[in-house]
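**Student:** Quick check, what structure comes out for this input:
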Amino acid sequence: MSSISIIATLIVIVAGILRLQRLPLLRPIFRWFPVPLWCYALPMVASAAGWLPRTHEAYPILIRYWLPFTLALLLLGVNLTSIKTVGRMGLVATALGSI
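**Tutor:** Below you'll find the predicted structure:
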């Protein structure tokens with residue numbers, strides 16, 4: 001499988017998830033299992049099922065450049081006032097969990 005086809009497959013998976021999120025019938029599912037969970041889980045399932053290779057030269061590029069970029073885009077939608085209401089102990093617990 002070429003690098004372009006792997007990246008295209010991952011883009012199709014994410015685009016499909018974003019499209020399905022807009023369907024009123026599936027909104028309860030996305031309420032309990034949000035989009036970022038699906039964006040991580042479905043490529044892992046595809047790799048485990050053999051639809052995507054487990055190792056490829058495209059993966060280090062995706063991890064080094066695209067993953068930080070997409071995580072930064074994900075953080076743009078964060079509601080800072082709700083984080084403030086969590087309080088110091090919640091932020092400390094999150095930091096310790098990250099470490």
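**Student:** Residues in contact with the longest helix along the chain: which ones?
**Tutor:** Assignment by DSSP state H gives helix 3-21 as the longest helix of the chain. With contacts defined as CB atoms under 8 Å, 6 or more residues apart in numbering, helix 3-21 is touched by 26-27, 30, 35, 38-39, 42-43, 46, 51-53, 56-58, 61-62. Every residue, glycine included, has its C-beta placed from N, CA and C.
**Student:** cool, and stretch 42-51?
**Tutor:** Contact with stretch 42-51 is made by 9-10, 13, 17, 52-54, as judged by CB under 8 Å, 6+ apart.
**Student:** can we see that at 6 Å?
**Tutor:** In this structure, residues lying in contact with stretch 42-51 by CB atoms under 6 Å, 6 or more residues apart in numbering are 10, 13, 52, 54.
**Student:** Kindly report the same for stretch 54-72.
**Tutor:** Residues from elsewhere that reach stretch 54-72, judged by CB under 6 Å, 6+ apart: 3, 6, 47.
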